[in-house]
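In: my questions are about this predicted structure, shown below with the sequence.
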Amino acid sequence: MATLDLQEQEQVEALKAWWKDNGTWLLLALALVLGGFAATKGWQAYKEKQAGEAATLFAELNKQLGSKDPKRINDAATAVIDQFGSSAYAPRAALLAAQINIQVKDSAHAKTQLQWVIDHASEAALKDVARLKLASVLLDEKSYSEALTLLDAQHPDSFAGLYADLKGDVLNAQGKSEEARTAYQQAFEKIDAKSPYRNLVQMKLDALGGAK
């Protein structure tokens, strides 16, 4: 079985840390693009006053993100969710707040927000992002079975590489090396060849002895 040298191990850890801090922002950007049409259609049904108020609250959330103050960010997100829970802005507010809570190690709050997105978002792409992030939190908590259940949920091909990669992490943490290798190989095949994230998956495969 191949092993990583110290430099390669440091590269893997650095990439994993970067993804943990920034991955959801990238996924959220993807979800915003994928869900843009649905959001636009949804807002067309809103009364002008409601849409304006919801947009104002979401703008306040974006403003508070710059403060990096978890309480302010959570309060702003809660205002959007409580007052306009059926809007296109609410699940996005929950995702943004959840990412902050993950960064400050408030996993309980983050899990509640991510589960809210899964239960209430009308856009599939936002649900896919939330499942992925919630599974990552559950992995950190060693709640492996729950994480795998989320990762086995139906998702589009655009998310297949990310889901398979995280599934490999969960299986590897369980000591299921062969199953983890299979998941990583699926991830490697699904992730765009030009994506730098593919290099991280390759390192994980190498650590398990490469593809079979």
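Out: Received it, and whenever you're ready, just let me know what you need.
In: these two touch, right, residue 166 and residue 139?
Out: Yes: counting by Cβ atoms under 8 Å, residue 166 does reach residue 139; the two are 7.1 Å apart. Every C-beta, even on glycine, is put in place using the N, C-alpha and C of the backbone.
In: looking at those two, which one has more neighbours?
Out: Between residue 166 and residue 139, residue 166 has the larger neighbour count (other Cβ atoms under 10 Å), namely 24 against 21.
In: the more buried one: what secondary structure?
Out: Here residue 166 is recorded as helix under DSSP: H, G, I helix; E, B strand; the rest coil.
In: and it, what does it touch?
Out: Shown in contact with residue 166 (Cβ atoms under 8 Å, 6 or more residues apart in numbering): 132, 135, 136, 139, 147, 151.
In: repeat that for 10 Å
Out: Remark: with contacts taken as Cβ atoms under 10 Å, 6 or more residues apart in numbering, residue 166 is in contact with 19, 23, 131-133, 135-136, 139, 147-148, 150-151, 183, 187.
In: the residue most central in space within the chain: which element?
Out: In the chain, the centroid-proximal residue (Cα atoms, centre = their mean) is residue 133; its distance is 3.5 Å. When elements are assigned from DSSP states H and E, residue 133 belongs to helix 124-140.
In: got it, and residue 60?
Out: Using DSSP H and E, residue 60 sits within helix 48-65.
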